[in-house]
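Undergrad: sequence and predicted structure below; questions after.
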Amino acid sequence: MRLAAIALGTTLAVAGPASLAQAAPADNEPLAAFTGTARAAQQAPAAPAAWAAGTRAYLVITAPGDTTAVRSAVAANGGSVFSSFDAIGVIVAHSTSASFATTMRGVAGVQKVGASRTSDVPADAYNPALPSNPSQSAAPSTEPVRSDMTQIKADQAWAVNPGSASVKVGILDTGVDDQHQDLAPNFNAADSVSCAYGKADTRAGAWRDVDQHGTHVAGTVAAAKNGKGAIGVAPGVKISSVRIAEPGSTLFFPENTICGLVWAGDRGFKVTNNSYYTDPWQFNCPNNLDQAAILEGVGRAQAYAESKGSLQVAAAGNSNVDLANKTTDSSSPNDSTPVTRTITNDCLDIPAELPGVVTVAANGTSGTSKASFSNFGRDVIEVSAPGESVYSTVPGGKYSSLSGTSMAAPHVAGVAALLASANPAYTPADIRAKLGEHATDLACPSDSRCTGTTAKNGFFGEGRVDALKAVGGSTPPPGKYFENLTDVTISDNATVESAITVSGVTGNAPATLKVGVDIKHTYIGDLKVDLVAPDGTVYTVHNRSGSGTDNIVQTYTVNASSEVANGVWKLRVNDNANADTGKIDAWNLTF
């Protein structure tokens, strides 16, 4: 799969199109045949004694319930059962036989069979190595409120309800660094797992990150409000890691996704975040026998999870394409040699287009635009959220800014977790409806590709999510706003200032003075940034943190209640090193 994340200034090796997804599976009858009342316990017969070159993985679809007869048929026809999810009628089979799928399609009781990948199953599947447990960097001493959080009013929501520890959010991704100082307080190891290769691995640490993507996503959902580094949208909820990416390739194959979604339903996750698309096909077409089985298997797993009370939130992808008007796919299969093929809207990307899944587009840094990379589509996009230059946790106690619909989706998952915290009886359908109902309407820009109304359109769906409304709060009257948009060059080893004259404000500044900062500069670890009050008092908002991260686009809260509001306020920036320069692009004050 292609992770829906983009590093600032450059594309990550793992970046590119992210999750889109599927609509209703080609065969709806099997989906209706189960209600999730029986636990979808994974049956895991012993794997073959040794891995063999040329082993391929297949999804064998049968009626939900007792799969004994079909599992026996797998073994009798040149295959082995790697794992089985009886309650949804999905068996993961391995075979070295090129005719295995064709043979099994003729077996009584078998509804669909399809190869889940176009590459061999790695030998690691039979004896998975545990991911590394990285050493941790020293914790930052500051915890600024970032602009992505103020745009969705998460900073206001925290004062009303920061989220309940009884609400569990599953991070279906590359894994999570549970030792990170901003994630450890909210990490739920008991419900964490690796589903790489399609079988639950509950060994301690199997859930850890094999990249950085999942740890970044986890921080946006629920980094602790502990004075260190960053704050998540729902800093009071619990997060569990469900690693569905395989090491090395960081691909998310269908059997991994199925395992993860079934685990989410069985473990009572109220929300899951899915910032990926299911590999190897970006779009799965129902007229292809392999892809039809993928659509059915993953579709059943999502339906099962939802029936158990879990709402899935997914990223829309980073290809800047119209998901409501599909024409070609040139990126699949991504585990071997991609080919260019003609597709239609019947060809679906999963999990984001699955029935019941909340599909999320990314806003740009302004909070009111579509991020240039974000996919779109009328009646496909549900809501939008910040997805550009998002600062969050990465493994080893570190932090980084990434962009992508992968970064937008966890904002929505966090708001969904707040809704569940404030309304424990809400069903997935209730939460999904409220996300749209509470969203801030965003009108189409002057772009003919955006169709629909201000209330609902192809770029933003029903609008940008609102965390404050999710917890039942109301927006306070806005304070007076002042800004300076004049660029000020920041040279090496130099100190520069930008001034704002404040007038017409009665009395002192508030204890929650908002300082919006937009500094374009490579390697922000060079910079010290201060707010200087009219009487000369200095309030440091950024002090050489962030290492090699580019740009500071954040809103800081400063207790300036001892300062007279009116007068000349200054933003002072001190560059403390050579080789990296930039500018103060803009800054503002809200009283």
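TA: Yep, that arrived. Numbering: from 1, shown residues only.
Undergrad: please report phi then psi for the residue nearest to residue 400 when sequence neighbours are not counted.
TA: Excluding the flanking residues, the one nearest residue 400 by C-beta to C-beta, 6 or more residues apart in numbering is residue 394, at 4.6 Å. Yep, even glycine has a C-beta here, placed from its N, CA and C like the rest. Taking degrees, to the nearest 10, you get phi -140, psi 160 for the backbone angles of residue 394.
Undergrad: touching, residue 394 and residue 216? I think so.
TA: Yes - the pair residue 394 and residue 216 passes the contact test of C-beta atoms under 8 Å, sitting 5.6 Å apart.
Undergrad: who's more crowded, these two?
TA: residue 216 (32 against 21; other C-beta atoms under 10 Å).
Undergrad: that one contacts residue 392, correct?
TA: Yes - counting by C-beta under 8 Å, residue 392 is a contact partner of residue 216 at 4.7 Å.
Undergrad: returning to what we had before: what's near enough to touch the residue nearest to residue 400?
TA: 177, 212, 215-216, 400 (C-beta atoms under 8 Å, 6 or more residues apart in numbering).
Undergrad: ok so, going back, who touches both of residue 216 and residue 392?
TA: Shared contacts of residue 216 and residue 392, counting by C-beta under 8 Å, 6+ apart, come down to 400, 402, 407.
Undergrad: which residues of the stretch 101-250 of the chain fall in strands?
TA: Ranges of strands within the stretch 101-250 of the chain are 110-115, 168-173, 193-194, 238-243, based on DSSP state E, counting those that start in this stretch.
Undergrad: okay, those strands, which one's buried deepest?
TA: strand 168-173 (a mean of 31; mean count of other C-beta atoms under 10 Å).
Undergrad: that one pairs with which strands, parallel or anti?
TA: Using DSSP bridges, strand 168-173 pairs in its sheet with strand 238-243 (parallel), strand 271-274 (parallel).
Undergrad: could you dump the strands of the stretch 101-250 of the chain into a markdown table with distance to residue 544 and mean pLDDT added?
TA: Conversion of the strands of the stretch 101-250 of the chain to a markdown table gives the following (distance: least, C-beta to C-beta, whole Å; pLDDT from 0 to 100):
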| stretch | distance to residue 544 | mean pLDDT |
| --- | --- | --- |
| strand 110-115 | 52 | 98 |
| strand 168-173 | 30 | 98 |
| strand 193-194 | 37 | 98 |
| strand 238-243 | 29 | 98 |
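Undergrad: nearest to residue 265, out of the ones you listed?
TA: strand 168-173 (9.7 Å; C-beta to C-beta).
Undergrad: still on that earlier bit, dump the strands of the stretch 101-250 of the chain to JSON lines, plus distance to residue 326.
TA: Listed next are the strands of the stretch 101-250 of the chain as JSON lines, based on distance: least, C-beta to C-beta, whole Å:
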{"stretch": "strand 110-115", "distance to residue 326": "20"}
{"stretch": "strand 168-173", "distance to residue 326": "24"}
{"stretch": "strand 193-194", "distance to residue 326": "33"}
{"stretch": "strand 238-243", "distance to residue 326": "29"}
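Undergrad: how about those strands, which one is nearest residue 124?
TA: strand 193-194 (11.2 Å).
Undergrad: contacting residues around residue 150?
TA: Counted by C-beta under 8 Å, 6+ apart, residue 150 has contacts 514, 555.
Undergrad: just to revisit the earlier point, just put the contacts of residue 394 in JSON lines and tack on pLDDT and distance to residue 83.
TA: Shown next, in JSON lines, are the contacts of residue 394 (pLDDT from 0 to 100; distance: C-beta to C-beta, whole Å):
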{"residue": "177", "pLDDT": "98", "distance to residue 83": "26"}
{"residue": "212", "pLDDT": "98", "distance to residue 83": "28"}
{"residue": "215", "pLDDT": "98", "distance to residue 83": "26"}
{"residue": "216", "pLDDT": "98", "distance to residue 83": "29"}
{"residue": "400", "pLDDT": "96", "distance to residue 83": "34"}
